[in-house]
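**Q** Give me the fold of what follows.
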Amino acid sequence: MRKICLWLAVFILTAAGGCSRPPIRDGDKFPRMVFYDAVGKKVGIYDYAGPDRLLLIHFWGAACCMTYSEPTIRAVAGVHAGREFDNVAVVSVNLDYKESRVRRIRQKMGPGHPLFNDRDGCFYKAYPKLRYFFPMSLILLVDEEGIIRGHIMGPQLLPAISDLIRRSQIPRGDKS
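**A** This is a model prediction of the structure:
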């Protein structure tokens with residue numbers, strides 16, 4: 001029994017040490033990534049950012065099946081279509097479906113905002129620790145300089161996403 005407790009303590013301390021710094025944190029620089037649009041053309045994620053704008057990037061994948069992904073995609077589309085956040089650009093990125101499936105989802109849902117595919121695995125190259133934890137739903141808010149201003153994980157509805165945006169807004173002229 002004593003050996004089991006000792007091994008358990010070692011395991012917990014090792015795991016806690018490995019998790020002490022999450023791979024994605026507010027204030028970190030988000031790397032430049034390239035994804036594929038509906039016709040297979042490469043698109044830089046920062047092509048959608050701009051001065052005094054936040055970029056809302058919604059990552060999702062197969063582990064977060066369409067039962068959970070669809071409401072979040074619709075909520076993200078609601079941010080895009082709404083008038084409340086005119087300084088927020090919106091994109092969604094699928095991490096693991098084949099392009100043909102992403103194309104069918106785009107046609108079925110017609111989200112109104114860009115829906116990309118990460119067929120080259122840029123996200124997992126930048127965040128390898130998330131490979132076995134993800135894919136699920138991750139929403140990032142990135143400012144014009146590439147700084148993560150806020151994030152939220154898991155399936156979300158519009159009120160939670162709106163709250164995240166409000167908390168992450170940068171007052172005009174204040175970059176601190």
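**Q** where does the protein dip in pLDDT?
**A** The chain contains residues with pLDDT under 70 at 1-22, 62-68, 133-136, 170-176.
**Q** And the strands in it, which stretches?
**A** Here the chain has its strands, by DSSP state E, at 34-36, 42-44, 54-60, 88-94, 115-117, 138-142, 148-153.
**Q** Go through these and name the closest to Y124.
**A** Nearest to Y124, of all these, is strand 54-60, at 10.5 Å by C-beta to C-beta. To be clear about C-beta, it is placed using only N, CA and C from the backbone, and glycine gets the same treatment.
**Q** what angle separates that closest one from strand 88-94?
**A** Computed by axes from the mean of the first three to the mean of the last three C-alpha atoms, to 10 degrees, the angle separating strand 54-60 from strand 88-94 equals 20 degrees.
**Q** who's in contact with strand 54-60?
**A** By C-beta atoms under 8 Å, 6 or more residues apart in numbering, the residues outside strand 54-60 that reach it are 30, 45-46, 48-49, 69, 72-73, 76, 79, 85, 87-95, 118, 123, 134-143, 149, 161, 165, 168-170.
**Q** go on, stretch 110-120?
**A** Counting by C-beta under 8 Å, 6+ apart, 33-38, 43, 48, 59, 73-74, 76-77, 80-81, 90-99, 102, 105-106 sit against stretch 110-120.
**Q** Tell me which of the strands of the chain lies nearest to D26.
**A** Closest to D26 of the strands of the chain is strand 148-153 (C-beta to C-beta; 5.4 Å).
**Q** what helices or strands is that closest one leaning on?
**A** Packing partners of strand 148-153 (3 or more C-beta pairs under 8 Å, 6 or more residues apart in numbering; DSSP states H and E): strand 138-142, helix 158-168.
**Q** Out of these, which is the most enclosed?
**A** Greatest average neighbour count among the helices and strands packed on strand 148-153 goes to strand 138-142 (a mean of 24), per mean count of other C-beta atoms under 10 Å.
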